[in-house]
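Engineer: sequence first, then the predicted structure, then my questions.
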Amino acid sequence: MISFPNTSRNYQVSKQSVCFWGYDSAFEISFFVGRDMLERIADRPSTGEADLLQIFDANRPQIQEVAARAYSSRRGNYYPLAQKDF
């Protein structure tokens, strides 16, 4: 079962994604939500890194629910979340 006790997240310019982490027991799982997906969630273009992090924070419960579903269907340690996951 995956959990999200760590509220840390960061924007990775090279991937144009917000990265966050979940944990399955002692295993750390990395998740990425791309700029395009965050803009789709917000239903507007973003104004940059700070705005993307704010969109992520405002939608964290939904994004973590999607991440948990994705993890349960295909276990691994790296998940770029895409439109099909939402």
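Structural biologist: Great, that's in hand.
Engineer: give me the distance between residue 3 and residue 16.
Structural biologist: Look at residue 3 and residue 16: by CB to CB, to the nearest Å, they are 27 Å apart. (Each C-beta comes from the backbone N, C-alpha and C, glycine too.)
Engineer: next, the buried residues of the worst-scoring helix or strand of the chain on mean pLDDT.
Structural biologist: None of the helices or strands of the chain scores lower by mean pLDDT, DSSP states H and E than strand 78-81, at a mean of 91. Buried residues in strand 78-81, counted by 16 or more other CB atoms under 10 Å: 79, 81.
Engineer: what strands flank that strand, and is each parallel or antiparallel?
Structural biologist: Under the criterion DSSP bridges, strand 78-81 sits next to strand 27-34 (parallel) in its sheet.
Engineer: quick one: buried residues of the partner strand?
Structural biologist: For strand 27-34, burial by neighbour count (16+ other CB under 10 Å) applies to 29, 31-34.
Engineer: what's the distance between the least confident helix or strand of the chain and the middle of its chain?
Structural biologist: Relative to its chain's centre, strand 78-81 lies at 8 Å (CA atoms, centre = their mean, to the nearest Å).
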